[in-house]
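*Asks:* predicted model and sequence follow; I will ask about them next.
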Amino acid sequence: MDSTRPGRAPDPRELGPRILDELWNGRDLGVIERRFSSEVVTYVPLPGQPVIKGTPGLRKLAEDMFVALPDLAYRSVEVVAAGDKVLVRGELTGTHRGFLMDIPPTGRSTRLTEHVILRFEGDRVVEMWQQADYLSVLSQLGITPPEGAGPVRTVAHTFKTVGRLGGLIVKDRIQQRKKAAAR
């Protein structure tokens, strides 16, 4: 039964996971305009990411995620609701094929676990908070030193990673130039 039909208050417990599913699995960017207030405030703790105010910034974030992880898939694991808020514990998986947090494509698979809190006014999200395990993603992408690495291995890993990322950036730029020349 659809809890969003006229005359019945939407149930955030049903609506929250549905919105996230439509956005990430359905790749439906229109859900941002349909289900988020135009004044939505989004708190995403990405490095260098300011608070996002309004739907255009949220749309850009989603578009960037689809480029970075073109096979992105989302799964809600648990939903908890209280009043006008819903917490959705979920995970995003995908293959790193585009820049993610300014990291060039590595081709590695990644899994991000997250908690998203959505605050509703009626059937629209007015605030969204995300807490996610970005450190694990950095580890999966080979950015962080291996667990238990001592000082020497940590320094060696850092130099190796800087060289690898530099090579990936050059490779990406060459591919972009080839694509542009082919047009």
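*Replies:* That came through fine. Numbers count the residues shown, from 1 in each chain.

*Asks:* need the contact list for the spatially most central residue of the chain.
*Replies:* Closest residue to the average C-alpha location of the chain: residue 65 at 5.6 Å, with Cα atoms, centre = their mean. Going by Cβ atoms under 8 Å, 6 or more residues apart in numbering, residue 65 touches 24, 72, 92, 100. (Glycine included, C-beta is placed from N, CA and C.)

*Asks:* in the helix or strand hosting residue 112, what counts as buried?
*Replies:* Element membership of residue 112 [criterion: DSSP states H and E] is strand 109-121. Going by neighbour count (16 or more other Cβ atoms under 10 Å), the buried part of strand 109-121 is 110, 112, 114, 115, 116, 117, 118, 119, 120.

*Asks:* just give the closest residue to the fourth one, not the sequence neighbours.
*Replies:* Looking back up the chat, that one is residue 115. In this structure, residue 115 finds its nearest non-sequential neighbour in residue 131, 4.8 Å apart by Cβ to Cβ, 6 or more residues apart in numbering.

*Asks:* just the third one next, same as before
*Replies:* Spatially, and ignoring its direct neighbours in sequence, residue 114 is nearest to residue 132 (3.8 Å; Cβ to Cβ, 6+ apart).

*Asks:* the one you found touches residue 113, doesn't it?
*Replies:* Yes. The pair residue 132 / residue 113 is scored as a contact, 6.8 Å apart, by Cβ atoms under 8 Å.
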